[in-house]
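In: any chance you could fold what I've pasted below:
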Amino acid sequence: MNAAFQRLLAVLKNAQDLAVLTPEDWDALLRHARSAGLLSRLALDARELQLWDAIPERVRRHMESALVIAERQIRAVTWEVHKVYEALGPLGFPIVLLKGAAYAMGNLPAARGRLFGDIDLLVPRDTLPEVELRLQFHGWHSNHKDAYDQRYYREWMHEIPPVTHISRGSTLDVHHNILPLTARLKPRADILREEIVPLPGYPNLYRLGDADLVLHSATHLFHEGEWAHGLRDLHDLYLLLIHFSTQPGFMDHLMERARRLDLIQPLGLALYFVHRLFGSWADPATTAVTILKLPGAVQRWAFMQGFAHAHPDFSETFTPAGLLYLYLRAHWLRMPLYLLIPHLLHKMGRKTPAKG
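Out: Below you'll find the predicted structure:
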């Protein structure tokens, strides 16, 4: 793996190393950490460990900027969740926040210094027409007008086409499950809703249960086809596992939920790579890894390419091959071949410049 990736891993595991980096180290680390979405998290580590004065002034300016962006995004996510609640709360059924919004609103460690993209939420499938109507009334509209896109989302996927607010530009991904209807693994949304955790101050607004939060994070990461933020997402999992594993019996419950939700495979990958990249975070993790099916050599190599890839300057000779493998693997997990091949051909055709 490239030296910039190894250095980023080292300071994520031991932030004290930030105090002894050379100017050349900092140049590579800043670019790689920013591209990976981890610079603000490192900046918080530096402040909390009182390393700020040991860091060169020009580096501190970059870190201060990253912290400002992260703090602004937390405020924006909180505001957008409030507006989503205004739109959907009166409907009376549980609205479940997923991923980054769940971390932020649940005040979980994975929200620490995190950058956010879309807001993801889970609602019962039979409520989607009413949800879409309410969101449109409150300013969120889809830009996916193509008939193929509509069919792709509504017949095969686990979500409706993303909707973007016409004035604020915020995007919502409204899910009715955490994996596509055509995926090989079949988690049931009704089982996910059994352990949802209410968010204070918002009746009908929830996050997933602790174990399910880990399982969804793992499932999303290891079904992903784009890997620019793969290392950040794995670090989110690391922080969640550290946090929740202090609860008695958490690992046993996590394994039980994984079996019940048909998510043993992504959990095994998550525990393996958290252990490999960030070290042993709890004794039960090592035990759990040994009883799950571990990835083969090709998968291990490809995933490591994905985690190491963030800034193009640090790509290695075979990085594109590893990323292509992960892209094709993600689609293969999501769709059977009789749907996948036409889908990929359709996407390739879209990228072909129009003639004339």
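
In: in which helix or strand does Glu132 reside?
Out: helix 128-137 (DSSP states H and E).

In: now the element after that helix, going C-ward?
Out: strand 140-142.

In: average model confidence for whichever helix or strand comes after that next one?
Out: Using DSSP H and E, the next helix or strand after strand 140-142 towards the C-terminus is helix 147-151. The pLDDT scores in helix 147-151 average 74.

In: going by contacts, tell me the helices and strands next to the helix holding Glu132.
Out: Here helix 128-137 touches helix 57-88, strand 163-165, strand 171-175, going by 3 or more Cβ pairs under 8 Å, 6 or more residues apart in numbering; DSSP states H and E. In this view, the C-beta of every residue, glycine as well, is placed from N, C-alpha and C.

In: helix or strand right after the first one?
Out: The C-terminal neighbour of helix 57-88 among helices and strands, as given by DSSP H and E, is strand 95-98.

In: which residues does the residue nearest to Ile196 when sequence neighbours are not counted bridge with?
Out: Nearest-residue entry for Ile196: Tyr206, 4.0 Å, with adjacent residues in sequence omitted and distances by Cβ to Cβ, 6 or more residues apart in numbering. Note on Tyr206: beta-bridge partners by DSSP bridges are Val96, Pro198.

In: save the helices and strands packed on helix 128-137 as JSON lines, and put in distance to His309, mean neighbour count and mean pLDDT too.
Out: Formatted as JSON lines, those follow (distance: least, Cβ to Cβ, whole Å; neighbours: other Cβ atoms under 10 Å; pLDDT from 0 to 100):
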{"stretch": "helix 57-88", "distance to His309": "20", "mean neighbour count": "16", "mean pLDDT": "93"}
{"stretch": "strand 163-165", "distance to His309": "28", "mean neighbour count": "18", "mean pLDDT": "93"}
{"stretch": "strand 171-175", "distance to His309": "23", "mean neighbour count": "21", "mean pLDDT": "94"}
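
In: just put the ones you listed in CSV and tack on distance to Leu122.
Out: Output for those, formatted as CSV (distance: least, Cβ to Cβ, whole Å):
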stretch, distance to Leu122
helix 57-88, 12
strand 163-165, 15
strand 171-175, 5
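
In: out of those, flag the one nearest Gln247.
Out: Nearest of the helices and strands packed on helix 128-137 to Gln247, taken as Cβ to Cβ: helix 57-88 at 25.2 Å.

In: the residue nearest to Ile196 contacts Glu195, correct?
Out: No: Tyr206 lies out of contact with Glu195 (Cβ atoms under 8 Å); the separation is 9.7 Å.

In: okay, these two: which has more neighbours?
Out: Between Tyr206 and Glu195, Tyr206 has the larger neighbour count (other Cβ atoms under 10 Å), namely 22 against 15.

In: mind checking how far the more buried one is from Leu91?
Out: 14 Å (Cβ to Cβ, to the nearest Å).

In: with Ala211 instead?
Out: The gap separating Ala211 from Leu91 is 27 Å, by Cβ to Cβ.

In: now Lys83
Out: From Lys83 to Leu91 the distance is 15 Å (Cβ to Cβ).

In: now do Pro312, the pLDDT please.
Out: Turning to Pro312, the model gives it a pLDDT of 68.

In: could you do Val298 as well?
Out: 91.

In: that one sits in which helix or strand?
Out: When elements are assigned from DSSP H and E, Val298 belongs to helix 297-308.

In: which neighbouring elements make contact with that helix?
Out: Using 3+ Cβ pairs under 8 Å, 6+ apart, helix 297-308 is in contact with helix 230-244, helix 264-278, helix 319-334.
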